[in-house]
Each structure stands twice: as C-alpha cells, then as structure tokens.
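Engineer: Quick check, what structure comes out for this input:
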Amino acid sequence: MPSSYLNNPARSGRAQDNAAVAMFGIVLLGFALRAALLSANRFHPDESLYASFALKIADARDVWLSHEVVDKSPLAFYLGAAALNMLGAKARYNIFMSELALRLPALAASTVSIALAAACARKLHSAQAGLFAGLLLALSPLAISFGATLFMDALLSCALLASLLLVLRGHWAWSGCAFAAAYACKQSALVFAPLVLTLGVLVQLAAPGPNSRGKQLRNWITPLLVVLAAVYFWDYVRAAPIGFWAQGYADNMPGRFIRPAELLPRWQQLAGLGAAVTGAPALNALLLAYCIWLPLSSMRSNPQPLQTTISMVILGFIVAYLAGHWLLAFNLYDRYLVPLAPLIIILLAQPLAAAAGLLQGYGPARVMRAVAVAGTAVLLTLLPASLRASASGYALGGDHGAYDGIEKVAAALRSAPTGSVLYDQWLDWQWKFYLDHSPAYIGWVQGPQNLAADLRAFGASSPRYFVAPSWEPMAEMRSAITGAGFVCVPLLDTVRRDGSRSFTLYQLVAD
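Structural biologist: Predicted coordinates:
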C-alpha cells in the first residue's frame with residue numbers, strides 16, 4: 001500500500017472507521033446466529049448433568065459439589081449458578097428459564113470469541129486477515145452449534161483467545177490470568193500453553209526495545225499457579241470420594257494407541273468434524289492447499305519472515321493436536337475441536353486476505369472495496385451452512401430433537417403426589433436437571449428383574465411411574481411389570497419436531 005495513503009489521516013481514519021463498522025456487523029451477525037439456538041433444543045445428557053451442578057450451587061444445596069462425581073474444573077458450573085441467580089429464584093424452578101439462563105455464558109463467550117479471533121489475526125498478520133477471521137468464526141457451523149450450549153468448550157475457547165491476544169500485545173500477566181481462567185473452565189487448556197507462550201515469545205523478539213523474557217514468563221505463570229492452587233483447594237474442600245482430576249483422567253485417557261482397523265474410520269470422523277469448522281468445501285479446499293503450500297514456501301525462505309514462522313507454528317500445533325486425537329484412542333467428541341477452530345480460521349484468513357490484496361489492483365482507495373467484495377463472497381459461500389447450523393441442522397453441539405418433549409414429561413411428574421416413585425434406567429442425568437425440585441423420588445433400576453422385585457415389595461405403597469424413551473426396547477420391562485402384578489397405564493405421549501414419538505409416561509397400577 002503506498003505510503004501516501006497511510007500518511008493521509010483522513011483516508012486512514014475512514015478506513016479504520018469502516019473496518020470497525022464491518023467488525024461490529026460481523027459480531028452482531030454471529031450473535032444472532034447463535035442466539036437462535038437459545039430455546040430451540042432441550043439439554044443433551046451431559047448438559048443436563050452440568051445444569052444439575054449449577055442448580056445445586058445456585059440454591060446452596062451443595063455449593064462445593066461434594067456429593068457429585070465431577071470430572072471438570074468448576075468455573076463453568078459457578079458461572080451457570082450466577083446466571084441462574086441473576087434471573088431470580090423463578091429461573092431455578094422454571095425449566096425454560098433455567099435452560100435460557102444456563103446457556104447465556106456460552107452465548108456471551110462464543111460471541112466475544114469472534115472479536116478476539118479477529119484481533120489475534122490482525123495482530124499476527126493484517127487488518128484484512130482480522131476481518132476475514134472474524135467473519136469465518138461468526139459463520140462457522142461448529143462454533144454456532146456450540147454457541148448456546150452448556151458445554152464449557154465455548155468458555156474455554158474464549159479464555160484461550162483472550163490469553164493469546166494479551167500475550168501478543170505484551171500483557172503477559174493479564175494473559176496468564178486469562179489462561180488461568182481457561183484452566184478453571186477445563187483442564188485440557190494446558191495443552192494450549194506451549195502455543196500461547198511460543199507465539200508470545202516470537203512476537204516479543206520481533207518487537208523493538210529490551211526483552212526480559214524471564215520476568216515476563218514469571219508474570220504469566222504466577223496467576224496460573226494461583227488458580228491451580230485455588231482449584232485444588234476447591235477439590236480438597238469438597239472432599240468427594242474421587243477428585244475431579246482423577247475422574248477426568250479415568251473418563252478421558254484411553255491408555256492406548258488406536259488399532260490398525262481404527263485408522264481410517266477415526267480419520268474420516270475427524271476430517272468430518274474439521275470440515276464443519278467452515279462447512280464450505282471450497283474454503284476447506286483452499287485451507288488444505290494453503291497448508292501444503294505454506295511449508296514448501298517456508299523451506300525456500302532463508303531467513304523466514306516472522307509471519308511465515310508464526311503461521312508454521314500455528315499449523316504445526318493444529319497438526320499435532322489432530323494427530324494426537326487421531327492416533328490416541330480418545331473419544332472423538334465434536335466439542336474437542338471447538339478451541340481449535342479459531343486457530344484453523346486464523347490460518348485460513350491469510351490466503352483470503354492475500355486474495356483480497358490481489359483484487360485491490362493498484363489504487364489504494366480500492367482496499368476496503370476489495371475486502372468488501374471478497375468478504376461478501378465468503379459470506380455468500382458460508383451463509384447456507386451457517387443458517388443450517390443456526391436451525392440445528394448439523395449433528396453437532398447439544399441435542400437436536402432426540403429429547404423433545406422431556407420437559408412435558410417433567411411437568412407432569414412435577415405435579416405427581418408427594419412420595420411418588422419414578423423408576424428409571426435410561427435417563428438418569430436428564431432427570432437430575434428436569435426433575436430438580438420434583439416431589440417424585442427417582443429410583444434407578446438395573447434391569448427388568450430389579451424393577452419387578454421392587455414393585456412386588458413396595459409397589460402398593462405409593463404411585464409408581466415409568467418413562468419409556470422411544471429408542472429403548474420396552475418389551476422386557478413391560479413383561480417384568482406384568483409379571484409383578486401391575487399394568488402400564490399410558491398417561492402422556494410426546495413427539496419430536498419431526499412428528500416421531502419421543503417419550504411415553506406410564507403409571508404402574510396394580511392389576
């Protein structure tokens with residue numbers, strides 16, 4: 001860009017104003033796409049479990065979660081409790097208000113992440129790359145699908161981006177605080193520490209003036225150590241039978257590499273999740289081509305430009321992260337790619353910004369126009385996938401209709417007589433949230449024989465209920481109930497948004 005353009009305050013100011021307005025519109029668009037999911041779905045089983053933790057904290061029934069099996073750092077649960085209390089006591093007793101309140105932290109974090117990713121790309125590369133990174137993350141089907149859920153991955157991603165941006169700007173202590181918040185959301189944040197520190201050091205080395213890396217590293221680590229101590233103090237005070245770290249390790253660490261027969265299926269699953277970061281084959285092809293071109297280009301550059309080195313570090317981390325999840329027998333949950341998505345997008349923003357630079361021709365006045373043209377092309381390319389994600393069209397994130405109607409079953413059971421018993425085998429975590437404050441006692445049964453034995457012994461003492469999900473076989477349970485001298489009286493059938501049956505509520509009545 002000619003220096004005359006940069007030295008013209010009026011033109012430079014207009015360009016910055018235009019970029020700020022464009023960024024505001026991008027963030028607003030991303031918020032709208034995510035907010036559409038606030039009340040669209042019921043909670044996924046894992047979300048129901050996390051929601052039950054927040055409810056117990058909010059009304060001080062179990063502030064330390066001493067009686068719960070917890071495998072995550074606790075910050076997300078306490079943020080959920082704060083959101084519930086912010087909406088008042090009614091939010092703890094109304095299912096829809098509770099769902100709304102508990103989704104607000106993720107919605108806020110996912111929206112703020114758009115601006116943070118744009119700022120990181122702008123700092124690492126260029127203003128144009130920043131705009132493209134913000135637009136790509138705002139429209140990402142993967143990010144949208146998790147933008148209004150109770151999974152803590154949106155919070156984790158937001159805190160990691162904040163930590164990265166702060167360290168790039170030289171605020172090491174504040175970056176350490178943000179990274180500590182990421183760890184307090186989910187302990188897997190530690191995987192991203194090498195990337196944040198490496199990029200911070202690279203940018204610092206290129207900056208003019210004296211460098212005191214030892215002091216800055218201490219400033220970064222100190223708040224992390226403080227939060228580590230606070231989280232472990234919380235785990236000690238709660239005095240649960242098993243600590244959150246041990247439970248998380250037992251739940252997630254596979255302890256083996258994958259078997260040869262798993263190589264291709266796991267790669268296909270991982271590639272499918274990676275493709276959902278943009279949802280557009282054309283952009284995915286551009287990203288793949290850029291990832292091939294980048295190392296080849298870097299080998300021809302001696303010495304390497306700083307931007308190339310930074311891109312290679314990000315690419316290396318992405319490859320290592322994906323390889324670890326591919327070759328180690330982790331469960332390939334879609335949420336594991338949520339904190340990685342902004343890094344993929346920052347990488348993809350570079351060839352898009354370069355393409356916009358080619359479009360600008362020779363006139364500096366065409367810079368924003370060229371970016372606008374390229375941005376509009378990206379918007380039109382991604383918008384169908386984004387709207388589909390905003391309408392729960394992808395099998396990503398939370399529930400997408402499987403548990404439609406569970407709130408109606410819960411409402412019916414909340415009006416059951418005090419002392420009623422709900423036998424359950426399949427919906428334990430859902431009932432922890434949806435039947436919170438219910439007068440019905442939830443009795444878990446291991447199988448048909450256990451249900452029949454309990455009915456024979458106690459079935460006549462109080463009303464008994466059973467909920468049958470449509471995807472579970474009911475024949476053996478019905479046979480056991482009949483064998484115990486009871487009949488299943490249907491009280492309520494619920495249907496999903498596609499018209500299929502979801503749940504049937506039965507009362508078990510003595511024959």
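Engineer: What sits closest to residue 251 if chain neighbours are left out?
Structural biologist: Of all residues beyond its chain neighbours, the one nearest residue 251 is residue 71 (5.0 Å), with distances taken as CB to CB, 6 or more residues apart in numbering. Quick note: C-beta positions are derived from backbone N, CA and C, even for glycine.
Engineer: Quick one, grab the pLDDT at that neighbour.
Structural biologist: Residue 71 carries a pLDDT value of 94.
Engineer: What's the mean pLDDT across the one helix or strand residue 16 maps to?
Structural biologist: Here residue 16 sits within helix 9-35, counting by DSSP states H and E. Mean pLDDT, helix 9-35: 83.
Engineer: Contact partners for the residue nearest the centre of the chain?
Structural biologist: Taking CA atoms, centre = their mean, the centroid of the chain lies closest to residue 153, which sits 3.3 Å from it. The neighbourhood of residue 153, defined by CB atoms under 8 Å, 6 or more residues apart in numbering, consists of 146, 186, 335, 336, 338, 339.
Engineer: In this model residue 172 seems to touch residue 219, though I could be wrong.
Structural biologist: Yes. With contact defined as CB atoms under 8 Å, residue 219 counts as touching residue 172 (4.5 Å).
Engineer: Going by how many neighbours each has, rank those two and give me the top one.
Structural biologist: Counted by other CB atoms under 10 Å, residue 219 and residue 172 do not tie: residue 172 has more neighbours, with 24 against 17.
Engineer: SS state for residue 63?
Structural biologist: Secondary structure, DSSP: H, G, I helix; E, B strand; the rest coil: residue 63 is coil.
Engineer: tell me, how many neighbours does it end up with?
Structural biologist: Count around residue 63 with other CB under 10 Å applied: 14.
Engineer: Need the pLDDT of it.
Structural biologist: 96.
Engineer: related to what we said a few turns ago, can you name the two of the contacts of residue 153 that sit furthest apart?
Structural biologist: Farthest pair in the contacts of residue 153 (CB to CB) is 146 and 186. Separation: 12.8 Å.
Engineer: out of these two, which sits in the more crowded spot?
Structural biologist: residue 146 (29 against 24).
Engineer: Which phi and psi values does that one adopt?
Structural biologist: Backbone geometry at residue 146, expressed as degrees, to the nearest 10, gives phi -100, psi 0.
Engineer: returning to what we had before: show me what the helix holding residue 16 is packed against.
Structural biologist: When contacts are defined as 3 or more CB pairs under 8 Å, 6 or more residues apart in numbering; DSSP states H and E, helix 9-35 packs onto helix 3-6, helix 95-124, helix 127-139, helix 141-145, helix 367-390.
Engineer: what about 6 Å?
Structural biologist: Counting contacts by 3 or more CB pairs under 6 Å, 6 or more residues apart in numbering; DSSP states H and E, helix 9-35 is packed against helix 95-124, helix 127-139, helix 367-390.
Engineer: ok, which stretches of the chain are strands?
Structural biologist: 421-424, 441-444, 464-469, 486-495, 501-510 (DSSP state E).
Engineer: List the neighbouring strands of the fourth one plus their orientation.
Structural biologist: Taking DSSP bridges as the criterion, strand 486-495 forms sheet pairs with strand 501-510 (antiparallel).
Engineer: Can you give the contact residues for the strand it pairs with?
Structural biologist: Here strand 501-510 makes contact (CB atoms under 6 Å, 6 or more residues apart in numbering) with 404-405, 409, 412, 464-470, 481, 486-496.
Engineer: OK, contacts around residue 424?
Structural biologist: The contact partners of residue 424, by CB under 6 Å, 6+ apart, come to 442, 444.
Engineer: mind running it again at 8 Å?
Structural biologist: Contacts here follow CB under 8 Å, 6+ apart; on that basis residue 424 touches 431, 442, 443, 444, 445, 466, 467.
Engineer: Model confidence for it, exactly?
Structural biologist: Confidence score, pLDDT, at residue 424: 94.
Engineer: now residue 247
Structural biologist: pLDDT, read off for residue 247, is 94.
Engineer: And stretch 468-484, what's buried?
Structural biologist: By neighbour count on 16 or more other CB atoms under 10 Å, the buried set for stretch 468-484 is 468, 469, 470, 477, 478, 480, 481, 484.
Engineer: could you dump the residues you listed to TSV with pLDDT and distance to residue 138?
Structural biologist: Converted to TSV, these look like this (pLDDT from 0 to 100; distance: CB to CB, whole Å):
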residue	pLDDT	distance to residue 138
468	95	41
469	96	36
470	94	36
477	94	47
478	94	50
480	95	52
481	95	52
484	94	56
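Engineer: what two of those residues are the furthest from one another?
Structural biologist: Using CB to CB, the pair of the buried residues of stretch 468-484 lying farthest apart is 470 and 484, separated by 23.6 Å.
Engineer: Roughly how far does residue 507 sit from residue 454?
Structural biologist: Applying CB to CB, to the nearest Å, the value for residue 507 to residue 454 is 15 Å.
Engineer: And for residue 27?
Structural biologist: Taking CB to CB as the measure, residue 27 falls 54 Å from residue 454.
Engineer: Repeat that for residue 332.
Structural biologist: Per CB to CB, residue 332 is found 38 Å from residue 454.
Engineer: swap in residue 393?
Structural biologist: Computed as CB to CB, the residue 393 to residue 454 distance reads 42 Å.
Engineer: cool, and residue 202?
Structural biologist: Distance from residue 202 to residue 454, by CB to CB: 64 Å.
Engineer: Same question for residue 19.
Structural biologist: Separation of residue 19 from residue 454 (CB to CB): 66 Å.
Engineer: now do residue 431
Structural biologist: From residue 431 to residue 454 the distance is 17 Å (CB to CB).
Engineer: Those two: which has the busier surroundings?
Structural biologist: Each of residue 431 and residue 454 has its neighbours counted (other CB under 10 Å); residue 431 has more, 23 against 16.
Engineer: quick one: that one from residue 503, how far?
Structural biologist: Taking CB to CB, one finds residue 431 at 12 Å from residue 503.
Engineer: Equivalent analysis for residue 309, please.
Structural biologist: 56 Å.
Engineer: Between those two, which is the more surrounded one?
Structural biologist: Legend: neighbour count by other CB under 10 Å for residue 309 and residue 503, higher for residue 503 (21 against 17).
Engineer: So what sits opposite the more buried one in the bridge?
Structural biologist: For residue 503, the beta-bridge partners under DSSP bridges are residue 469, residue 494.
Engineer: shaky segments in the stretch 51-200 of the chain?
Structural biologist: Residues of the stretch 51-200 of the chain meeting the criterion pLDDT under 70: none.
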